[in-house]
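[1] below are the sequence and a predicted model for it; my questions follow.
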Amino acid sequence: MGRDRWLLLALPLLLALPVETAQATSRAAESAETEEAPAAPAQPAVRRPAPRPAAPRPAPAAVPRPPQPAPQPVVNVPPCFPRLLLPPSGRDAKPEILGTMDPVARANYMQAIHLLHCETGRDVEALALLKDGAKVGFRPSIRALGSRIIDDPAVLGDEAAAYLKIFTKEANAGSASAANLVGVMMDGGIGTKADPAGAGKFYRAAAADGSQRALEWLTYASATGRGTRADRAGAQRFHARLERDRGVRAARDIVVALELGGEGKRDEAGARFWADALRSLDKDGDAKVAVELEKAWQNGTDTKADLDILAVAKRYNGIEARYQIALRQLAGAGEAQRSAALADLRSAALAGHAGAAQTLAAMMVASGADGTIATQVSDTLRLAVNTGNPGAMLAFANQIYFADTAMPKLWLAAQYMRRAAEAGLPEAQHRLGLLLMDGLGVEPDRALAIGWLTKARDAGYPLSKQVLDHLGLADGH
């Protein structure tokens with residue numbers, strides 16, 4: 001009993017012991033967490049040296065720059081000034097291009113081009129400026145002067161030989177424009193004896209630089225044997241490098257020269273070859289050859305050789321050649337010649353030849369009872385009127401005006417007459433002036449009538465001069 005009593009009394013103490021211990025342990029941990037850590041012992045202060053001021057850095061050495069070109073002055077180019085003729089500037093303004101950097105030569109060149117293209121009546125002054133530039137080797141001046149020499153070989157006058165030496169010097173220094181010019185002068189005998197072979201050497205130098213003019217001359221010379229042996233293959237190689245327009249012109253000139261024997265010998269086979277080449281470049285190539293052949297005939301005399309030229313021109317469908325040959329055939333007495341002349345006249349009239357149309361109209365009037373010719377001519381003239389042939393329009397106007405009727409259609413005649421006059425036919429201008437003076441088919445207008453009569457007189461129509469003289473208007477006023 002006693003022992004149990006003591007157990008009962010000790011039991012609560014035994015049960016409470018772990019709780020108190022845990023609580024104490026917990027309180028101790030909490031206390032440890034809340035207490036401040038002990039302060040570290042103070043360290044003695046360390047005196048740091050003051051920073052030294054940074055030494056000044058030396059400035060970087062200046063990098064030498066290449067010399068800059070002086071700024072080009074602004075040039076106010078007038079609208080009339082051809083910009084393609086401006087000399088190179090900036091990086092392109094190099095001695096090998098300009099020949100010299102002389103600013104005076106450049107200024108003279110600009111002034112000369114201005115005078116030539118923007119003003120009238122100052123060509124002499126402009127040429128003097130170009131000559132001054134050429135003397136010091138300014139190549140744009142040489143090029144511009146060269147174009148003037150080509151148009152007028154007498155430009156240099158008595159100084160031609162001296163300038164030829166200057167141009168030769170520049171050509172030997174590599175100037176293509178100077179080489180071209182030397183070729184022109186040597187080929188044409190300007191300032192020296194004509195020397196096509198020597199000219200060819202300079203033209204070849206210019207062609208190596210791509211000069212189209214030089215290539216054109218070399219094409220012609222190789223094809224015709226001018227100054228060298230004829231070489232069709234070589235001519236073809238030069239011709240292939242030409243621009244189209246120059247290629248057409250070169251082929252045309254070759255055909256004319258070979259047909260006429262311009263370089264000493266005719267070559268019909270060669271002419272046919274180059275005529276085919278010309279047709280491949282230009283569908284109107286034959287007509288251009290015919291025009292040149294007709295010019296050759298007009299510059300000659302009425303001989304058998306000239307008639308042969310017309311026959312050649314007719315083969316190339318020359319309109320003027322057909323007309324001229326027809327006139328000669330009409331002078332013959334044979335019926336075959338008359339028929340051939342009628343065919344040529346009809347062909348020329350339909351192609352726009354005014355003289356052929358007027359000749360046909362005269363034939364129609366002269367034929368009288370020959371209805372076949374009258375019908376053929378009338379039909380041809382109607383077609384020619386539709387194509388704008390002024391001779392045909394004049395013929396119709398005259399036919400209406402002189403019609404054997406009580407009331408001719410003068411207004412219609414005046415219309416055709418005006419169209420023919422505006423096309424430049426002097427006879428039509430004269431007749432229109434008379435219609436306006438008298439008010440036939442048009443409202444009368446004296447001032448306009450005098451104007452048309454004056455145009456006809458200035459074109460060489462003699463009747464207009466007589467009318468104006470009769471009116472006391474010798475000066476047309």
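    Received, thanks.
[2] which intervals of the stretch 351-477 of the chain have sub-threshold pLDDT?
    367-374, 404-408, 474-477 (pLDDT under 70).
[3] contacting residues for residue 310?
    By Cβ atoms under 8 Å, 6 or more residues apart in numbering, residue 310 lies in contact with 293-294, 297, 318, 321, 324-325. In this view, the C-beta of every residue, glycine as well, is placed from N, C-alpha and C.
[4] most neighbours, which of the residues you listed?
    Highest neighbour count within the contacts of residue 310, by other Cβ atoms under 10 Å: residue 318, with 27 neighbours.
[5] what number of residues lie near the residue nearest to residue 267 when sequence neighbours are not counted?
    Spatial nearest neighbour of residue 267, excluding adjacent residues (Cβ to Cβ, 6 or more residues apart in numbering): residue 258 at 4.4 Å. Applying other Cβ under 10 Å, we find 25 other residues in the vicinity of residue 258.
[6] also residue 438?
    Residue 438 has 12 neighbouring residues, counting by other Cβ under 10 Å.
[7] which non-adjacent residue is nearest it?
    Distances taken as Cβ to Cβ, 6+ apart put residue 444 closest to residue 438, at 6.9 Å, once the chain neighbours are dropped.
[8] would you mind measuring from residue 328 to residue 299?
    For residue 328, the distance to residue 299 (Cβ to Cβ, to the nearest Å) stands at 18 Å.
[9] if we can go back for a sec, any buried residues in the host helix or strand of the residue nearest to residue 267, and which?
    According to DSSP states H and E, residue 258 maps onto helix 244-260. Neighbour-count burial for helix 244-260 flags 246-260 (criterion: 16 or more other Cβ atoms under 10 Å).
[10] averaged pLDDT, it. What do you get?
    For helix 244-260, mean pLDDT rounds to 95.
[11] following it, which helix or strand shows up next?
    Under the assignment DSSP H and E, the closest C-terminal helix or strand after helix 244-260 is helix 268-281.
[12] that following helix packs against which elements?
    Contacts defined by 3 or more Cβ pairs under 8 Å, 6 or more residues apart in numbering; DSSP states H and E place helix 268-281 against helix 232-240, helix 244-260, helix 285-298.
[13] these two touch, right, residue 425 and residue 391?
    Yes. Residue 425 is in contact with residue 391 according to Cβ atoms under 8 Å; the separation is 6.8 Å.
[14] joint contacts of these two?
    Counting by Cβ under 8 Å, 6+ apart, the shared contacts of residue 425 and residue 391 are residue 354.
[15] returning to that earlier point: neighbour-wise, which of residue 328 and residue 299 wins?
    Counted by other Cβ under 10 Å, residue 328 and residue 299 do not tie: residue 328 has more neighbours, with 13 against 9.
[16] show me what the helix or strand hosting residue 465 is packed up against.
    Secondary structure assignment for residue 465, by DSSP H and E: helix 462-470. Under the contact criterion of 3+ Cβ pairs under 8 Å, 6+ apart, helix 462-470 touches helix 426-438, helix 446-458.
[17] hmm, who's touching stretch 199-218?
    With contacts defined as Cβ under 8 Å, 6+ apart, stretch 199-218 is touched by 171, 176-177, 179-180, 182-187, 221, 227-228, 235, 238, 241-243, 246, 249-250.
[18] average pLDDT for the one helix or strand residue 165 maps to?
    Per DSSP H and E, residue 165 falls inside helix 160-172. For helix 160-172, the mean pLDDT works out to 91.
[19] and for stretch 206-222?
    For stretch 206-222, the mean pLDDT works out to 93.
[20] and the helices and strands packed on helix 268-281: which comes nearest residue 473?
    Checking the helices and strands packed on helix 268-281 against residue 473 by Cβ to Cβ gives helix 285-298 as the closest, at 33.7 Å.
[21] buried residues, that closest one. List them.
    Across helix 285-298, burial judged by 16+ other Cβ under 10 Å covers 285-286, 288-294, 296-297.
[22] one step back: kindly calculate the angle that the helix or strand following the helix holding residue 165 makes with helix 160-172.
    Later in the chain than helix 160-172, the nearest helix or strand by DSSP H and E is helix 176-188. Here helix 176-188 runs at an angle of 140 degrees relative to helix 160-172 (axes from the mean of the first three to the mean of the last three Cα atoms, to 10 degrees).
[23] who does helix 176-188 touch, helix- and strand-wise?
    For helix 176-188, the packing partners by 3+ Cβ pairs under 8 Å, 6+ apart come out as helix 139-151, helix 160-172, helix 196-208, helix 212-224.
[24] quick one, it and helix 139-151 angle?
    Going by the same axes, to 10 degrees, helix 176-188 is angled at 20 degrees with respect to helix 139-151.
[25] quick one: mean pLDDT for helix 176-188?
    For helix 176-188, the mean pLDDT works out to 92.
[26] go on, stretch 324-331?
    Averaging pLDDT along stretch 324-331 gives 86.
[27] do the same with stretch 279-293
    Averaged across stretch 279-293, the pLDDT comes to 93.
[28] how near is residue 336 to residue 343?
    For residue 336, the distance to residue 343 - Cβ to Cβ - is 11 Å.
[29] so for the two, which residue has more residues nearby?
    Neighbours per residue (other Cβ under 10 Å) separate residue 336 from residue 343, with residue 343 holding more: 14 against 9.
[30] what strand or helix carries the more buried one?
    If you go by DSSP H and E, residue 343 is part of helix 335-350.
[31] run through the neighbouring helices and strands of that helix.
    Counting contacts by 3+ Cβ pairs under 8 Å, 6+ apart, helix 335-350 packs against helix 319-330, helix 354-367, helix 371-386.
[32] save these as TSV, and put in distance to residue 138 too.
    Converted to TSV, these look like this (distance: least, Cβ to Cβ, whole Å):
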stretch	distance to residue 138
helix 319-330	46
helix 354-367	50
helix 371-386	56
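[33] out of those helices, flag the one nearest residue 455.
    Per Cβ to Cβ, nearest to residue 455 of these: helix 354-367, 15.8 Å.
[34] who touches that closest one?
    By Cβ under 8 Å, 6+ apart, the surrounding residues in contact with helix 354-367 are 319, 322-323, 326-327, 330, 342, 344-346, 348-349, 373-374, 377-378, 380-381, 384, 389-392, 394-395, 398-399, 423, 425, 427.
[35] are any of the residues you listed buried, and which?
    For these, a burial check counting by 16+ other Cβ under 10 Å picks out 319, 322-323, 326, 330, 342, 344-346, 348-349, 373-374, 377-378, 380-381, 384, 389-392, 394-395, 398-399, 423, 425, 427.
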